[in-house]
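Visitor: okay, sequence plus prediction incoming.
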Amino acid sequence: MIKIQYSLIVLLLLIALPALADTRTPVEITKITDGDTVVAQIGNNKFRVRLIGIDCYETSNNNRAYKQAYKNNLSIDEVIDKGLNSKLYLEKLHNQNKNSQTFLDFKGLDIYNRVLGVLYFGKINVNESLMQHGGCMAYPDFSAG
């Protein structure tokens, strides 16, 4: 009976440990495109990262900015101002944490082949910080862009 319990515990640990493993990968941020998109680099490879779960306002006068203005009852200038403020917040957060390791928790690819993920500056979850302080909205449909 003890052998069976021990074997069951070992089996459960073997199954559970990979799920508990840290999936964050160290990256370097080379460019902040807007409040929810950055360019990251691993070695010589650069790629765009769309921060998952958030949607920041647009930073330029484009079709998506007009949709955000209409949906949120804002002027196009207000949308762009909010978008620029989100980008500025992310730049400031990045600069304040220059001495911390930056990590990316990869979550997949979107329809534009951008990497989807959660960004960390040290222990700071950047996606959550942007939701709380950076003027971004929750965005549950990650694949739509």
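Guide: That came through, no problem. Numbering: from 1, shown residues only.
Visitor: pLDDT score assigned to G134?
Guide: Reported pLDDT at G134 in the predicted model: 79.
Visitor: hang on, isn't it packed against G35?
Guide: Yes. The pair G134 and G35 passes the contact test of CB atoms under 8 Å, sitting 6.0 Å apart. C-beta coordinates here come from the backbone N, C-alpha and C atoms, glycine included.
Visitor: give me the more crowded residue out of the two.
Guide: G35 (27 against 23; other CB atoms under 10 Å).
Visitor: next, the contact list for R48, please.
Guide: The neighbourhood of R48, defined by CB atoms under 8 Å, 6 or more residues apart in numbering, consists of T33, T37, V38, V39, A40, R114, V115.
Visitor: need the max-distance pair from the residues you listed.
Guide: T33 and V115 (12.8 Å; CB to CB).
Visitor: neighbour count: the two, which is higher?
Guide: It is V115, of T33 and V115, that has more neighbours when counted by other CB under 10 Å, with 19 against 15.
Visitor: okay, the more buried one and R48: tell me how far apart.
Guide: Using CB to CB, to the nearest Å, we find V115 at a distance of 7 Å from R48.
Visitor: joint contacts of these two?
Guide: In contact with both V115 and R48: A40, using CB under 8 Å, 6+ apart.
Visitor: and the helices in this protein?
Guide: Listed in chain order, the helices found in the chain under DSSP state H are 2-20, 63-72, 76-96, 126-133.
Visitor: mind listing residues that contact the last one?
Guide: Right, helix 126-133. Contacts for helix 126-133 (CB under 8 Å, 6+ apart): 35-36, 51-54, 56, 86, 89-90, 93, 118-120, 136-138.
Visitor: drop anything exposed from those.
Guide: Among those, the ones that count as buried by 16 or more other CB atoms under 10 Å are 35-36, 51-54, 56, 86, 89-90, 93, 118-120, 136.
Visitor: which ones among those lie within strands?
Guide: L51, G53, I54, C56, V118, L119, Y120, C136 (DSSP state E).
Visitor: quick one: which two of those residues are the most distant?
Guide: C56 and Y120 (17.7 Å).
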